[in-house]
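Asks: Just to be clear, the model below is a prediction. Sequence and coordinates:
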Amino acid sequence: MSGPTYNFAYLDEQTKRMIRRAILKAIAVPGYQVPFASREMPMPYGWGTGGVQVTAAILGPDDVLKVIDQGSDDTTNAVSIRKFFAKTAGVRTTTCTTEATVIQTRHRIPEAPLGEGQVLVYQVPIPEPLRFLEPRETETRRMHALAEYGLIHVKLYEDIARHGHIATTYAYPVQVDGRYVMDPSPTPKFDNPKMNDCAALQLFGAGREKRIYAIPPHTTVVSLDFDDHPFERYRFDAPCALCGATDSYLDEVITDDEGGRMFACSDTDYCEKRRATNRDDAVPGNGPGAPAMDAASR
Amino acid sequence: MKQIAHDQPLLVAEGLSKWYGRQIGCRDVSLALYEGEVLAVAGESGSGKTTLLQLLSGQLEPTAGRVLYRMRDGVTRELAALGQAERRFLFRTDWGYVHQDPVLGLRMAVSAGANVGERLMAVGWRHYGRIRGTASSWLDRVEIDRSRIDDAPITYSGGMRQRLQIARNLITQPRLVFMDEPTGGLDVSVQARLLDLVRGLVAELGLAVIVVTHDLAVARLLSHRIMVMKGGEAIETGLTDQVLDDPHEPYTQLLVSSILPP
């Protein structure tokens, strides 16, 4: 018996066309949430149904796909979405950031700078940055339409009043192109500056909430803040235990039940590449790369 | 006496009517309100007081008639002709709206400081220290302890919530404040304190106020002029003391005589 046959990239052509129209509109109005007729996907909400639909709509046979989940290429979510498109579209997949033309991501932007011709597709759970302060969708839409964004600062004010600093560490609100306030999906605020003037096209898909929004290449993206409490990146104050990187975003890994922990790059591709180059360096000179390797082998 | 700077009225209503289908909300009401003047709208439940307030504040579209407002730049404009953005801007800068139920007028889940400071942030203040400083000075003015600035209004008593709502509205120095039964649901001693506070602030800031109330004592204490409504119509208008001491209309006489003697 022959197995089931899929249309290229799972979705039918009419659906892809509808999503592409939404994407084009989103690119034309940076940061604006475009409603679209989100479809049921063969995965649960919260696993990236929005991102998958956007990816399916933009994927072509020549594309090279990379999927990351919290920066990692080898977690369940990333592996299954990669397999999903390998099966339904037959596209080439990769874990290498620079090789990929389409990168679907959950919660991270790769450390390696993105270039022209690359598309970053975000999976978004809640696209509305004003949601937790204003539950009415009619009202938040009106606020976006009239650019009434005082409320978003109320949220930041609350942070400072409670914690003494802006304690929002992820889904940190940004203003796109001086107009729309946007939720950058739950990426750590460490990644916010990478969105600004990015050479790659950034697309955001929220499946359950049925919204698509976008940041075109080289668009100004500003993280909101107060004059006396400016936006600050946050990073654990440690080098990566595996590759020794001091500039990458780190995951905290609990190693035992006695308070032991280590920090490692959340971007696995970045970390592996660094370790590979360090190893090459280390072999002939037997020098600078070595300490990092020691840390890894302990 | 406070000198009234402008001899033009701040707010003018001409022949305002509102029908809810076949049901009358209010019929052919006209009034003019000057700066620094407090107008009470009195009447029983269902007499069209709240409808009138919503018409005047542009929240309801009148079936007939129009409302004119003299903007800060001195130009008198028709409310219905303002764009939505302008109307909403007016609402959070030059106007205040005090709800009977403070839950409607406050964000219950965020701190008092953020509640009071929200309007400042909405008009572009981006300095945390200054926003907080202004918010705490307003808490002082409405007699809320500064140490409560980071508490959510959900932890406040009814009287404090109402005072907080007033601070939140007055922080942008509005010229006109709408109040819908501001003392409803409060016990008598708290009511007295709140009225005292409002009276002080109104005199100090030279606010124009339209206060809707069914409580003639509130009208007597706060307002210069009174409009008595019945069945959607304004049946008697005049100086508060005059109307309450010498009511002409039978209905007004009934209202006044229904107050228990102290």
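Replies: Good, I have the coordinates.

Asks: and the nearest residue to B:V123 once chain neighbours are set aside, how many residues sit next to it?
Replies: Excluding the flanking residues, the one nearest B:V123 by C-beta to C-beta, 6 or more residues apart in numbering or on different chains is B:T93, at 6.1 Å. All C-beta atoms are positioned from the backbone trio N, CA, C, and that covers glycine. By other C-beta atoms under 10 Å in any protein chain shown, the residues close to B:T93 number 16.

Asks: My read is that B:Q165 contacts B:Y97, right?
Replies: No. Counting by C-beta atoms under 8 Å, B:Q165 sits too far from B:Y97 to count as a contact (9.2 Å).

Asks: where do the contact lists of these two overlap?
Replies: B:G105 (C-beta atoms under 8 Å, 6 or more residues apart in numbering or on different chains).

Asks: element containing A:I68, please.
Replies: strand A:64-69 (DSSP states H and E).

Asks: Touching that strand from outside, list them.
Replies: Taking C-beta under 8 Å, 6+ apart as the rule, strand A:64-69 contacts A:55, A:59, A:73, A:75-79, A:81-82, A:85-86, A:91-97, A:99-108, A:110, A:267-269.

Asks: Quick check: the spatially closest residue to A:P188 that is not a sequence neighbour vs B:D151, distance?
Replies: Spatial nearest neighbour of A:P188, excluding adjacent residues (C-beta to C-beta, 6+ apart): A:Y170 at 5.1 Å. According to C-beta to C-beta, to the nearest Å, A:Y170 stands 27 Å off from B:D151.

Asks: Who are the contact partners of residue 178?
Replies: By default, I'm working from chain A. Listed by C-beta under 8 Å, 6+ apart, the contact set of A:G178 reads A:T220, A:V222.

Asks: Wait, chain B was what I had in mind.
Replies: Here B:F178 is in contact with B:L53, B:L56, B:S57, B:W95, B:G96, B:Y97, B:V98, B:V209, B:I210, B:V212 (C-beta under 8 Å, 6+ apart).

Asks: try B:D145
Replies: Here B:D145 is in contact with B:L139 (C-beta under 8 Å, 6+ apart).

Asks: of B:Q165 and B:Y97, who's got more company?
Replies: The neighbour comparison of B:Q165 against B:Y97 (other C-beta under 10 Å) goes to B:Q165, with 26 against 20.

Asks: Show the pLDDT at the more buried one.
Replies: Looking at B:Q165, its pLDDT is 94.

Asks: Which element, helix or strand, includes B:V256?
Replies: Assigned by DSSP H and E, B:V256 belongs to helix B:250-257.

Asks: list the helices and strands that helix packs on?
Replies: Contact here means 3 or more C-beta pairs under 8 Å, 6 or more residues apart in numbering or on different chains; DSSP states H and E; on that basis helix B:250-257 packs against strand B:225-230, strand B:233-239.

Asks: Just the angle for the last one relative to strand B:225-230, thanks.
Replies: Relative orientation of strand B:233-239 with respect to strand B:225-230: 160 degrees, computed using axes from the mean of the first three to the mean of the last three C-alpha atoms, to 10 degrees.

Asks: what angle do strand B:233-239 and helix B:250-257 make?
Replies: 60 degrees.

Asks: Could I get the buried residue list for strand B:233-239?
Replies: For strand B:233-239, the neighbour count (16 or more other C-beta atoms under 10 Å in any protein chain shown) marks B:E233, B:A234, B:I235, B:E236, B:T237, B:G238 as buried.
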